[in-house]
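Enquirer: Return a 3D structure for these sequence lines:
(4 chains)
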There are 2 protein chains.
Amino acid sequence: MSASGAGPGLPRRLALRDDDAVTAPLIRKLERFGAVSAEDRAILTRLCVPVDPVGPRTEIAREGERPDGVFVLVEGMACRYKLRADGTRQILAYLVPGDFCDLDIGLLDRRDHAIASLSACRIARMDPVPLGDLVSQQPRLVTTLRRANLVDDATLREWLVNLGSRSAIERIAHLFLELLMRLRAVGLARGDGYDLPVSQLDLADTTGLSTVHVNRTLQELKRQGLIELLSRILMIRNVQRLTSLAGFDPRYLSLSSTTLR
Amino acid sequence: MSASGAGPGLPRRLALRDDDAVTAPLIRKLERFGAVSAEDRAILTRLCVPVDPVGPRTEIAREGERPDGVFVLVEGMACRYKLRADGTRQILAYLVPGDFCDLDIGLLDRRDHAIASLSACRIARMDPVPLGDLVSQQPRLVTTLRRANLVDDATLREWLVNLGSRSAIERIAHLFLELLMRLRAVGLARGDGYDLPVSQLDLADTTGLSTVHVNRTLQELKRQGLIELLSRILMIRNVQRLTSLAGFDPRYLSLSSTTLR
DNA sequence: CGAACTTTTGATATCACTCAAGGGACGTGG
DNA sequence: CCACGTCCCTTGAGTGATATCAAAAGTTCG
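Expert: Here you go, the predicted structure:
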């Protein structure tokens, strides 16, 4: 899937274009939150060190461990989650390419939640130390990173509304629309559709529903002609009706109107 | 309730002790996250400007408006919340004395949620401009504020778990235990109890349940001898059993073991 | 081609919601 | 001090949304 099987005898990571590809989604995302100069881009590219790709359903960061460094998702889909004592998993957030996590979670000495891939993922890592130096040297860039972080917080709040006060069908519709907007913002949607490489169990652990009910709710969304979902490719057939069904108000994502369409 | 009705003819705010009282809960809270020097205390006291007290159920910050400055809760209980188009309210967080909000939400130009008092409250406000200067001049203090902020984020994640995967009785038990720990941390619990100046409707909007079901669930908690709740004073009769019922693991609050007991 | 996972379906159970109404508690104004 | 309104809590009865259990059918992958 990635370029790992390129030419024989070639070192694994060499080309400059590869490096660009690593930060491309991140930069695309950050540009929504402030100007990103060529120097900023160079700094980010230097800071982001690619890590070995991970397969699907692989733990990336463990709950309870001491955080070190910032992860940037380059390709694929991942999630934050918490495991309860009874084995229940609650997914807290989806990460799409360009998303980073734990901008300053390193200030605490214990992760309160884990991170895992949903699909196969490519990941990069930023060292916390040079990142810390940024604050004095590139305050504008840090502000931009912080803005992006604040939107993640706002997203978490919207998820709380989702679980606390929306019905099953509204929850799923809302999730699908949020992902559409976020993927569009990094150029990874195709029209009104996108790859959604997650199982119905994942959706159940996201929405606080049972897998059976997720399945039936998806069927209802299809029956109403609102979505198509086949081999993990989602196509929203009627964004407007789905938006009104979900009560989706994208302002919490702080997206530009062009992204919204 | 406050000193507003003190001696006749006395100016409303005068005594130095009053100023101390404004920052006391904040400092008590911050000390859990890093050393707070006398200089830090002086800075915080200078930055925190008391605002007129507000009555119960009063909006403090409106959704959609441009954020300006940081609020610090001095006395009383407040909440963040979002209102849905259909009038439903979802409470996102409780604020107790010492809590502050919106450390850098000022970087966005639109609040995604509102803040309101639950009980009568005393509030202080920090100007964003001198606060911004802190970053270069008192980096340690800013780090401490950030740590406190991270715990608020972790709390929000735990609330997501609460709504997504706990039953009604577990949700309420979990909320009560969280508040016990947080109030203890600022010295506002009395043994295993505390003032809980919120209605059952507030609890319903917090836990995603109906008021009727909140009422019945509270009765069940009383019946099991786990809590007493009378005239908005909560007493937890059996912290250990309630903890195990709720599946409450306080580590996300980053509290010291002395606070936990 | 088999093992493991995922999706789908049916039947039944239950938790929590809605509706409706009565009964405090509290404050306000007459 | 009483009368009234308002808000809050409580209770009952009926309903509905979602969970659970169980098993079959489809998919993926080695």
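Enquirer: Kindly check the end-to-end length of stretch A:216-233 for me.
Expert: 18 Å (Cα to Cα, to the nearest Å).
Enquirer: Just confirm yes or no for it near chain B.
Expert: No - on the criterion Cβ under 8 Å from any Cβ of the partner chain, stretch A:216-233 is out of touch with chain B, staying 15.5 Å away. Every C-beta, even on glycine, is put in place using the N, C-alpha and C of the backbone.
Enquirer: pLDDT averaged over that stretch - what is it?
Expert: Across stretch A:216-233, pLDDT averages out at 97.
Enquirer: residues of it that come out buried?
Expert: A:217, A:218, A:221, A:226, A:227, A:229 (16 or more other Cβ atoms under 10 Å in any protein chain shown).
Enquirer: for stretch A:173-180, same thing?
Expert: So stretch A:173-180, judged by 16+ other Cβ under 10 Å, has buried residues A:173, A:174, A:175, A:176, A:177, A:178, A:179, A:180.
Enquirer: Now name the helix or strand holding residue A:194.
Expert: strand A:193-195 (DSSP states H and E).
Enquirer: picking up where we left off before, out of the buried residues of stretch A:216-233, which sit inside strands?
Expert: Taking DSSP state E as the definition of strands, the buried residues of stretch A:216-233 contribute A:227, A:229.
Enquirer: Rebuild the buried residues of stretch A:216-233 as a markdown table, extending it with distance to DNA strand D.
Expert: Below are the buried residues of stretch A:216-233 laid out as a markdown table (distance: Cβ to the nearest atom of the strand, whole Å):
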| residue | distance to DNA strand D |
| --- | --- |
| A:217 | 7 |
| A:218 | 12 |
| A:221 | 12 |
| A:226 | 16 |
| A:227 | 17 |
| A:229 | 13 |
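Enquirer: closest to chain B among the buried residues of stretch A:216-233?
Expert: Proximity of those to chain B was ranked by Cβ to the nearest Cβ; the top entry is residue A:217 with 15.5 Å.
Enquirer: what residues are up against that closest one?
Expert: For residue A:217, the contact set (Cβ atoms under 8 Å, 6 or more residues apart in numbering or on different chains) comprises A:168, A:169, A:172, A:209.
Enquirer: one more time with 6 Å
Expert: Going by Cβ atoms under 6 Å, 6 or more residues apart in numbering or on different chains, residue A:217 touches A:168, A:169, A:172.
Enquirer: Can you narrow these down to the ones near DNA strand D?
Expert: A:168, A:169 (Cβ under 7 Å from any atom of the strand).
Enquirer: Most neighbours among the contacts of residue A:217, which one is it?
Expert: residue A:172 (27 neighbours; other Cβ atoms under 10 Å in any protein chain shown).
Enquirer: Does residue A:234 touch residue A:198 like I think?
Expert: No - Residue A:234 is not in contact with residue A:198 according to Cβ atoms under 6 Å; the separation is 9.8 Å.
Enquirer: Residue numbers of the stretch 51-200 of chain A in contact with chain B?
Expert: A:82, A:84-85, A:88, A:90, A:92, A:104, A:107-108, A:112-113, A:146-147, A:150, A:154, A:156-157, A:159-161, A:163-165 (Cβ under 6 Å from any Cβ of the partner chain).
Enquirer: which among those end up buried?
Expert: A:82, A:90, A:92, A:104, A:107-108, A:112-113, A:146-147, A:150, A:154, A:156-157, A:159-161, A:163-165.
Enquirer: Next, check these against the strands and list the overlap.
Expert: When these are checked against strands using DSSP E, the ones located there are A:82, A:90, A:92.
Enquirer: Would you mind measuring from the last one to residue B:29?
Expert: This means residue A:92. 24 Å (Cβ to Cβ, to the nearest Å).
Enquirer: Also the second one?
Expert: Distance of residue A:90 to residue B:29, computed by Cβ to Cβ: 27 Å.
Enquirer: do the same with the first one
Expert: Taking Cβ to Cβ as the measure, residue A:82 falls 24 Å from residue B:29.
Enquirer: Can you tell me what sits against stretch A:236-253?
Expert: Contacts of stretch A:236-253 (Cβ under 6 Å, 6+ apart): A:154, A:158, A:170, A:173-174, A:177, A:181, A:192, A:225-227, A:260, B:84-85, B:112.
Enquirer: Pick out the lowest-pLDDT one from those.
Expert: On pLDDT alone, residue A:260 ranks lowest of the contacts of stretch A:236-253, at 67.
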